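Enquirer: generate coordinates for the sequence data below:
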Amino acid sequence: MDQEAAKLGIDPKDYQAMKLECASLQSVKDFVQDLKKVLPRGRGLDRLVCNAAVYLPTDPKPRFTDDGYEMSFGVNHLSHFLLLQLLIPELKKAKDPRVCIVGSVTGNKNTIAGSLVKPVRGCCH
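Expert: Model prediction:
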């Protein structure tokens, strides 16, 4: 991450990498506790992007999260739901908070959605 940030000219003091394993609801809870420790006091969290995704259609046997949920459901849905629920108080403190939950399978060119969904240049700042 540090190498990519440096390539983009992002100052190391402007971000902090933190561990979050979406296949573990305890990891989500731990992440939120750790994040609250580093957020500026009183400012809250102004942006949250949930972009974790597991897509394993060719696996012969299902995989499960640490909590016993089917992997795709646990990672793609339950972890995002818990993360958002735990961070709502921090989002409410922010002046103009935004949340974006991304369906990452649409970025996979091997899927129907991936071949049909095209980004529009200049649509986002």
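Enquirer: does Leu48 count as helix, strand or coil?
Expert: For Leu48, the assignment made with DSSP: H, G, I helix; E, B strand; the rest coil gives strand.
Enquirer: what's the distance between it and Gln16?
Expert: 15 Å (CB to CB, to the nearest Å). Backbone N, C-alpha and C define where each C-beta goes, glycine included.
Enquirer: and what of Leu91?
Expert: To Gln16, Leu91 is 18 Å away according to CB to CB.
Enquirer: with Leu83 instead?
Expert: Applying CB to CB to Leu83 and Gln16 gives a distance of 17 Å.
Enquirer: higher neighbour count, the two?
Expert: Using other CB atoms under 10 Å as the criterion, Leu83 and Gln16 rank with Leu83 on top: 22 against 10.
Enquirer: show me what contacts that one?
Expert: Counting by CB atoms under 8 Å, 6 or more residues apart in numbering, Leu83 touches 20, 28, 31-32, 48, 50.
Enquirer: what secondary structure does it sit in?
Expert: Assignment for Leu83 (three-state DSSP): helix.
Enquirer: now swap in Gly68 and tell me
Expert: coil.
Enquirer: what is the neighbour count of it?
Expert: If you count neighbours by other CB under 10 Å, Gly68 ends up with 7.
Enquirer: equivalent analysis for Arg98, please.
Expert: When neighbours are counted by other CB under 10 Å, Arg98 registers 11.
Enquirer: same check on Thr65?
Expert: 21.
Enquirer: equivalent analysis for Lys7, please.
Expert: Lys7: 8 neighbours (other CB under 10 Å).
Enquirer: this structure: strands as residue ranges?
Expert: Assigned by DSSP state E, the strands in the chain fall at 47-50, 98-101.
Enquirer: Met1 is nearest to which of those?
Expert: strand 47-50 (15.2 Å; CB to CB).
Enquirer: so which bits of that closest one are buried?
Expert: 48, 50 (16 or more other CB atoms under 10 Å).
Enquirer: for this structure, which spans come out with low pLDDT?
Expert: Counting by pLDDT under 70, the low-confidence segments of the chain come to 104-125.
Enquirer: now the helices for it?
Expert: 2-7, 25-38, 71-73, 79-93, 112-116 (DSSP state H).
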